[in-house]
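In: pasting the sequence and the predicted coordinates here, then a few questions.
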Amino acid sequence: MMAGTFIWLRRRKNRVTFGVVDAEDIRQYCLQKQMVTEGFPFDSETLVFKVAGKMFALLALDAHPLRMNLKCDPERAVALREQHAAVLPGYHMNKSMWNTLVLDGSLTRKWVEAEIDHSYEEVVKTLPKKIRENL
């Protein structure tokens, strides 16, 4: 964990909450996965989660409503965009393999967690076999 990340989220005047999912919930859910690290490699407002050094989730802490980029199977990515207005092509990402979730309350916590799981698994399957065996 990058020093100060949790404190930064906790000290905000208003907890970053939109709909049924908030930034701290997402953070805790991502960090409970094996070999996951967090950091701010791009700026102070984009929290990035990596598994074995590869990104699987980005959380835009300054966006209102909260937005999250997740890696996705290309066919599934298109299908999800057609099914949900709150799922958009990945902002600043390869749009064929990344989606942006707008956490405006229309997506349930369970659904968002399932998409986080899918993103994590999409990245894990690209890791070298030796690393995958340690997960």
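Out: Received the coordinates, thanks.
In: what sits against the residue nearest to the spatial centre of the chain?
Out: When the chain is reduced to its mean C-alpha position, the closest residue under CA atoms, centre = their mean turns out to be residue 57, at 3.1 Å. For residue 57, the contact set (CB atoms under 8 Å, 6 or more residues apart in numbering) comprises 26, 30, 48, 49, 68, 69, 70, 71, 116, 119, 120. For glycine as for every other residue, the C-beta is placed from the backbone atoms N, C-alpha and C.
In: could you redo the last one with a cut-off of 10 Å?
Out: Applying CB atoms under 10 Å, 6 or more residues apart in numbering, we find residue 57 in contact with 26-27, 29-30, 33, 36, 38, 47-51, 68-71, 101, 115-116, 119-120, 123.
In: show the model's pLDDT score for it.
Out: The confidence metric pLDDT takes the value 97 at residue 57.
In: can I take it that it is in a strand?
Out: Yes: secondary structure of residue 57, determined by DSSP: H, G, I helix; E, B strand; the rest coil: located in a strand.
In: which residue packs closest to it, ignoring adjacent ones?
Out: Ranked by CB to CB, 6 or more residues apart in numbering and with sequence neighbours excluded, the top spatial neighbour of residue 57 is residue 49, at 4.2 Å.
In: a strand runs through the one you found, doesn't it?
Out: Yes: per three-state DSSP, residue 49 lies within a strand segment.
In: just confirm it contacts residue 40, I think it does.
Out: No: taking CB atoms under 10 Å as the definition, residue 49 is not a contact partner of residue 40, at 11.2 Å.
In: okay, these two: which has more neighbours?
Out: Taking other CB atoms under 10 Å, residue 49 and residue 40 do not tie; residue 49 has more neighbours (25 against 15).
In: residues of stretch 51-66 that come out buried?
Out: 51, 52, 55, 56, 57, 58, 59, 60, 61, 63, 65, 66 (16 or more other CB atoms under 10 Å).
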